[in-house]
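1. take a look and give me a structure for this.
(2 chains)
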Amino acid sequence: GAGVSQSPSNKVTEKGKDVELRCDPISGHTALYWYRQRLGQGLEFLIYFQGNSAPDKSGLPSDRFSAERTGESVSTLTIQRTQQEDSAVYLCASSAGTTWQTQYFGPGTRLLVL
Amino acid sequence: DAKTTQPNSMESNEEEPVHLPCNHSTISGTDYIHWYRQLPSQGPEYVIHGLTSNVNNRMASLAIAEDRKSSTLILHRATLRDAAVYYCILSRYGGSQGNLIFGKGTKLSVKP
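-> Model (predicted):
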């Protein structure tokens, strides 16, 4: 079946511009996660959605970062007024629901802020 | 969350077994041990997970120490496609935090 998809696969933007990154989770998965991975580094948790519960935003690095999810489907991560340090691969994952379930990752969006 | 410790890198020869160690001395009774791997330029992918007993699947085996303070991921016959960063992660069943906490992992190189 279809896995997690993300778009765009690559994004180049200028400092100060806003960007939107999209994630389509696996159908039926109630949990959705966003992570960030800087070059040569491990994954940093950003935000977690579980069903209709309030999202866990504890990993968002600043108020320039926000994310939305409509029901149990698509999620959008928005970065406002991008900075060069926002350059990274942004990874989305989904899981069947409970906190210990396997997470399935998308291929990521490579963001470069010039 | 309990922390895991892994070697930064390991090397293996193709078609030989690989044992990737992970220490988690502060593991709690409800922590599951997960292994993910990340191939170059790809998102992480699930490999295996376990709680107390050893586990086998088509990708690998997971050997868990009796005291659960360490575990070993076993690739029975390494191939060039197994070259990746391998992450050992603890995830608490029923915990309020859904995200996985990735450390730096072990970078596995496989030589032909």
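
2. dead centre of chain A: give me the residue that sits there.
-> A:Trp34 (3.2 Å; CA atoms, centre = their mean).

3. check the secondary structure at that one for me.
-> Assigned by DSSP: H, G, I helix; E, B strand; the rest coil, the conformation of A:Trp34 is strand.

4. for stretch A:8-26, measure first residue to last.
-> Stretch A:8-26 stretches 17 Å from its first residue to its last (CA to CA, to the nearest Å).

5. my bad, should have said stretch A:5-18
-> With CA to CA as the measure, the first residue of stretch A:5-18 is 21 Å from its last.

6. stretch A:23-34 now?
-> Start-to-end, stretch A:23-34 (CA to CA) is 9 Å.

7. again with stretch A:20-40
-> Start and end residues of stretch A:20-40 are separated by 23 Å (CA to CA).

8. that one near chain B anywhere?
-> Yes. Counting by CB under 8 Å from any CB of the partner chain, chain B is contacted by stretch A:20-40 at A:31, A:33, A:35. Using the backbone N, CA and C atoms, a C-beta is placed for each residue, glycine as well.

9. the second one: neighbour count?
-> If I follow you right, that is A:Tyr33. Per other CB atoms under 10 Å in any protein chain shown, the neighbour tally for A:Tyr33 reads 27.

10. show me the beta-bridge partners of the closest residue to it other than its chain neighbours.
-> Of all residues not flanking A:Tyr33 in the chain, A:Ala93 sits nearest, at 4.5 Å (CB to CB, 6 or more residues apart in numbering or on different chains). Using DSSP bridges, the beta-bridge partners of A:Ala93 come out as A:Tyr33, A:Phe105.

11. which parts of chain A sit against chain B?
-> Those residues of chain A that sit near chain B, judged by CB under 8 Å from any CB, are A:4, A:31, A:33, A:35, A:41-43, A:45, A:48, A:50, A:56, A:59, A:91, A:93, A:95, A:98-100, A:102-108.

12. the closest residue to the residue nearest to the centre of chain A other than its chain neighbours is in what secondary structure piece?
-> Excluding the flanking residues, the one nearest A:Trp34 by CB to CB, 6+ apart is A:Leu46, at 4.2 Å. With elements taken from DSSP states H and E, the one containing A:Leu46 is strand A:43-50.

13. ok, now B:Pro21?
-> Remark: B:Pro21 resides in strand B:18-23, with elements defined by DSSP H and E.

14. pretty sure the residue nearest to A:Trp34 is touching A:Ser66, no?
-> No. A:Leu46 is beyond contact range of A:Ser66, at 10.2 Å (criterion: CB atoms under 8 Å).
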